[in-house]
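Novice: Just the structure for this:
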Amino acid sequence: MNLTAAFETNRTVSNLVQLKDSELVGQWRDSTYGLANGRIPFDVNTALVPAALYAIARLAGMQGVYPNNSITRNWSSVAYARARIWEDNTLPLFEFNRTVDNATTLLRQYTAQNTFYKGPTHAGALASYSSDGTIVDYGLAINSSDTPDIIPITHTDTAFRHFLLNSTNDSQLTAFVNASANAILRPFPAGLTTPVGVVVANPALSGKEVLTANFTNSAYHGTVVWSWQLALMARGFELQLDRCHAPNATTSTGTAGNGTVTRSTGSVPAFCGDDGVYGALKAAYNRLWDVIEANKDQLQSEVWSWTYSVANAANSTNANGTPNNDTSATGYKFSPLGVLPPPPGVSGGTESNIRQLWSLTFLAVQRNSKFR
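Specialist: Numbers count the residues shown, from 1 in each chain. The predicted structure is shown next:
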């Protein structure tokens, strides 16, 4: 509660939650370059903090959970109101955009600069999976409060917000759902999806050589696949799709900060009535599950990677233009992360065993047939 108070009254980058001064890491991307030296993580601020505040509000309403004193007595209402502020006002601080033309140029640069992928840019997917011709995305982190630059890396941490929050800020939610779905629907390097899984970070649209050099297919939190992130995204998409099948959809207009916000006052958000956005979310859910099922033998691993060979890439798409999930025909080949040489100056990737619970998430997360 103390950590989140300042942002409630002054909604600036400097009042977001940052890594502790003495620490290089502070969330799940705990490798040296996992956040690209950023100090203000996307997932912590846009999802974990508001979710924690909502949880505090609920717990404060239960007798005996917190001491009944002058500090905690009003937490039920205070934490709830603050959660809404964090939920509504943090996401825009991480947003960055690219035009299709600019993104196309950046993809050409990326494939020329990186040392591990020389395949197609898939720039044609940009216009198909965009927001009216604009690539809307959300940075992996913000550099720091002193230099508040967004680190423009496409990533899977958007899944935290889909999984933990049910936003009622309709305009913001619609844009976020659309952007998240499009990032899955675009093949790597235009997006996140490869035949061996969805990569957890992609610097292709950053235009920064230092990010390209450090977020590789051999970096622990680079263009690699993490099993639990696949599960988190799959379940997060499912939860959002489920909201579209609840009764009594209504909306209301209110204010948040200095702006006007349209909210779902029933249980069905506005994006459910937008055929393009709902269709993109449903298609992304199924594209994700197609890839998950194609890589079922790897799902109990913590993390894995891939290599790419142009010589084997002749059949990367089917006759109807859909992606080919047979990795042997796409140029992609599964690779254990530990056998690939790490980026310069970084120690080799490590992999955990099956006893690590987040490697077992697919025991609980399964494809929902009603969304096929």
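Novice: Which parts of the stretch 201-350 of the chain are strands?
Specialist: 201-202, 225-226, 251-256, 259-264, 303-308, 332-335 (DSSP state E, counting those that start in this stretch).
Novice: Same check on the stretch 1-150 of the chain?
Specialist: Taking DSSP E, counting those that start in this stretch as the criterion, the stretch 1-150 of the chain carries its strands at 40-41, 95-99, 134-138, 141-142, 150-151.
Novice: quick one on the thing from earlier: least reliable of the strands of the stretch 201-350 of the chain by average pLDDT, please.
Specialist: Here those differ in mean pLDDT, and the lowest is strand 251-256 at a mean of 40.
Novice: and the longest helix for this protein?
Specialist: Identified as the longest helix of the chain according to DSSP state H is helix 275-294.
Novice: tell me what that helix is packed against?
Specialist: Secondary structure elements in contact with helix 275-294, counted by 3 or more Cβ pairs under 8 Å, 6 or more residues apart in numbering; DSSP states H and E, are helix 170-185, strand 193-194, strand 197-198, helix 227-243. No exception for glycine: its C-beta is placed from N, CA and C like everyone else's.
Novice: Nearest to Arg243 among the strands of the stretch 1-150 of the chain would be which one?
Specialist: When those are compared by Cβ to Cβ, strand 134-138 sits nearest Arg243, at 20.3 Å.
Novice: dump the residue contacts of Pro269.
Specialist: Taking Cβ atoms under 8 Å, 6 or more residues apart in numbering as the contact definition, Pro269 lies against Ser167, Thr168, Asp170, Leu173, Thr174, Gln240, Arg243, Cys244.
Novice: quick check, nearest of the residues you listed to Ala112?
Specialist: The shortest gap between Ala112 and any of those belongs to Thr174, at 35.3 Å (Cβ to Cβ).
Novice: Helices of the chain, start to end?
Specialist: Across the chain, reading from the start of the chain, the helices by DSSP H fall at 5-9, 42-43, 49-60, 75-89, 100-113, 124-128, 158-164, 170-185, 209-214, 227-243, 275-294.
Novice: So which of these is the most surrounded?
Specialist: Mean neighbour counts were taken over these using mean count of other Cβ atoms under 10 Å, and the top value, a mean of 26, falls to helix 42-43.
Novice: Including distance to Gly191 and pLDDT, could the contacts of Pro269 go into CSV?
Specialist: Supplementary listing: the contacts of Pro269 in CSV, determined by distance: Cβ to Cβ, whole Å; pLDDT from 0 to 100:
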residue, distance to Gly191, pLDDT
Ser167, 22, 97
Thr168, 28, 96
Asp170, 25, 98
Leu173, 20, 99
Thr174, 19, 98
Gln240, 18, 98
Arg243, 24, 98
Cys244, 23, 98
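Novice: how about the nearest residue to Leu241, chain neighbours excluded?
Specialist: Using Cβ to Cβ, 6 or more residues apart in numbering and skipping residues adjacent in sequence, the residue nearest Leu241 is Phe371, 5.3 Å away.
Novice: any idea how far the one you found lies from Ala175?
Specialist: With distances defined as Cβ to Cβ, to the nearest Å, the gap from Phe371 to Ala175 amounts to 21 Å.
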